[in-house]
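> Coordinates only, no sequence provided:
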């Protein structure tokens, strides 16, 4: 018996199978492009993402014939919803959180309900990043598609639906729509009435770890899965990531470094609204009952990928089989902090700033600047974005003395050392850094009775590999550089808004 975790992200999807003692039996990955039909728009071809997801499931399943998969759960990005028909056909693309469409609908909502009153129902910071304004945009600009859609499904829901289950979302995913009542754990009648979104366009809601159904016989045969594989409700990627990093109790934070970087502290209650709202912190259900999380996030791996494609495409083409372009690029990073400043606003930013009218900037270039210094400055800027929020977490009594680093970026020694040096706190890398996959697999194991509790599962699955301790001298250098970084956006704001 083995357990499968699936992770659907903005730049690629993964699947992995794990034995009950936490050994990774097989893993597969497919990358897909982000689409930009117009300036400021960001979409994924949902049909291509589903094709890629089927490929990684089938590839992993082919390596588990001696340890057949018993259950599947999905960890996936939030916000992006795909329209589907009742006969399980994908009708269009999904619009990503970084897409600027829908801001006018947030302004209209603010005229009907104050941010404070809204936060009491759905504790998120109102912005165009969420599902609601995208649904409203579709209803106005693509009414035929909107009305033809049987449901609009987030990616965790969509995978389960296409595998043969009823349309079901998790509490953590439902929160990302702006239409969820966090205390009633159901769609908010009040918010639906204010926005005119029909409840029947949305899936049912279950907590993470609930059994949604089973993979249909037809889907199982096409993917090489055994019959009667259970489909377990997963959750928002950073919630699964938190569980997969071993966090089953309040007070700790995980730092996921993927397409976006997200710092996720964990609570055992819904914190006081006024303080959270003041610091721009949201509240959302964890995938474990009785726990809640907040997200502080911004673009990260997407910036490094942009650098790779812009500055190292010819190197990528010349690599021999088995060589990694990031090993080549990391070898060019200077040892000491750079003298460059990068504003990481290449697309709309995440919380707490939610800047949608800016552009990125690289400041301080000289004739002696080399590409390794530019890459390191990008990595530094990713960390700088979070410094003020780390201070806010400390003021709220959240433990920031150590971060568990996960995701693709956690494989980079150089990047983890930069983060440790900027934050002045150790960064711990687990043995398996794809913690979203691990968290999804753990959920499927708990739901099927393979583990008595999340703590038992974590004991089997989560092992530490290495800690990256901060260098005090470099931390002081970075704080000097950070004070200059803080001047960047205010100084350039007017100009960047025109670009």
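All right, it came through fine. Source: prediction; values computed, not measured. Residues are numbered from 1 along each chain as shown.
> Residue 467: which element?
Element membership for residue 467 (DSSP states H and E) is strand 464-468.
> Now do the helix or strand that contains residue 56: everything it contacts.
For residue 56, the host element (DSSP H and E) is helix 46-61. Residues outside helix 46-61 that contact it (C-beta atoms under 8 Å, 6 or more residues apart in numbering): 4, 6, 8, 12-17, 25-30, 32, 69, 72, 82, 90, 92-94, 155, 158-159, 162, 222-225. Every residue, glycine included, has its C-beta placed from N, CA and C.
> How far does it sit from its chain's centre?
Distance of helix 46-61 from the chain centroid (C-alpha atoms, centre = their mean, to the nearest Å) equals 19 Å.
> Same question for stretch 42-51.
Relative to its chain's centre, stretch 42-51 lies at 16 Å (C-alpha atoms, centre = their mean).
> now do stretch 3-18
Per C-alpha atoms, centre = their mean, the centroid offset for stretch 3-18 relative to its chain is 12 Å.
> Over to stretch 215-233?
With C-alpha atoms, centre = their mean, you get 26 Å for stretch 215-233.
> How about stretch 271-284?
On C-alpha atoms, centre = their mean, the centre of stretch 271-284 falls 20 Å from the chain's centre.
> What's the first helix or strand after the worst-scoring helix or strand of the chain on mean pLDDT?
Sorting the helices and strands of the chain by mean pLDDT, DSSP states H and E puts helix 313-318 at the bottom, at a mean of 85. Downstream of helix 313-318, the next assigned helix or strand under DSSP H and E is helix 325-330.
> Just the buried residues of that next one, please?
Neighbour-count burial for helix 325-330 flags 326, 329-330 (criterion: 16 or more other C-beta atoms under 10 Å).
> immediately after that helix, which helix or strand?
strand 341-343.
> Partner strands of the strand holding residue 467, with direction?
In the sheet, strand 464-468 lines up against strand 427-430 (antiparallel) (DSSP bridges).
> Can you pull out the residues in contact with the strand it pairs with?
Residues outside strand 427-430 that contact it (C-beta under 8 Å, 6+ apart): 245-246, 255, 402-406, 410-411, 416-417, 419-420, 462-468.
> Let's see that with 7 Å instead.
When contacts are defined by C-beta atoms under 7 Å, 6 or more residues apart in numbering, strand 427-430 is touched by residues 245, 255, 402-406, 410, 416, 419-420, 462-468.
> Tell me the first helix or strand C-terminal of that strand.
Later in the chain than strand 427-430, the nearest helix or strand by DSSP H and E is helix 435-447.
> for that following helix, the distance to its chain's centre please.
16 Å.
> Number of residues surrounding the closest residue in space to residue 281 that isn't next to it in sequence?
Excluding its sequence neighbours, the residue lying closest to residue 281 (C-beta to C-beta, 6 or more residues apart in numbering) is residue 294, at 4.5 Å. Residues lying near residue 294 (other C-beta atoms under 10 Å) number 27.
> What ranges does the stretch 51-200 of the chain have for its strands?
For the stretch 51-200 of the chain, the strands defined by DSSP state E, counting those that start in this stretch occupy 69-76, 81-84, 94-95, 151-154, 168-170, 180-181, 186-187.
> tell me the angle the longest one makes with helix 46-61.
Here the directions of strand 69-76 and helix 46-61 differ by 140 degrees (axes from the mean of the first three to the mean of the last three C-alpha atoms, to 10 degrees).
> and strand 69-76 with helix 435-447, angle?
For strand 69-76 against helix 435-447, the angle by the same axes, to 10 degrees is 130 degrees.
> can you start the count at 26 instead of 1 from here on
I'll keep to 26 as the first residue from here, and by that count the last item is strand 94-101.
> Parallel or antiparallel, which strands does strand 94-101 pair with?
Using DSSP bridges, strand 94-101 pairs in its sheet with strand 27-33 (parallel), strand 255-261 (parallel).
> Quick one: residues contacting residue 45.
For residue 45, counting by C-beta under 7 Å, 6+ apart, the contacting residues are 26, 470, 475, 485.
> how near is it to residue 469?
Residue 45 is 11 Å from residue 469, where distance means C-beta to C-beta, to the nearest Å.
> One more: residue 182?
16 Å.
> picking up where we left off before, now the buried members of the contacts of helix 71-86.
29, 31, 33, 37-42, 50-55, 57, 94, 97, 107, 115, 117-119, 180, 183-184, 187, 248-250.
> thinking again about what came up before, give the contact list for the residue nearest to residue 306.
So residue 319 contacts 289-290, 306-308 (C-beta under 7 Å, 6+ apart).
> Next step: the residues you listed restricted to strands.
Applying DSSP state E to these, the entries found in strands are 289-290.
> List just the nearest of the contacts of residue 319 to residue 211.
residue 308 (16.2 Å; C-beta to C-beta).
> Dihedrals phi and psi, residue 246?
phi -60, psi -40 (degrees, to the nearest 10).
> remind me which residues of the stretch 76-225 of the chain are low pLDDT?
Within the stretch 76-225 of the chain, no stretch has pLDDT under 70.
> okay, the strands of the stretch 76-225 of the chain in TSV with distance to residue 137 next?
As requested, the strands of the stretch 76-225 of the chain are exported to TSV (distance: least, C-beta to C-beta, whole Å):
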stretch	distance to residue 137
strand 94-101	30
strand 106-109	22
strand 119-120	23
strand 176-179	22
strand 193-195	25
strand 205-206	16
strand 211-212	17
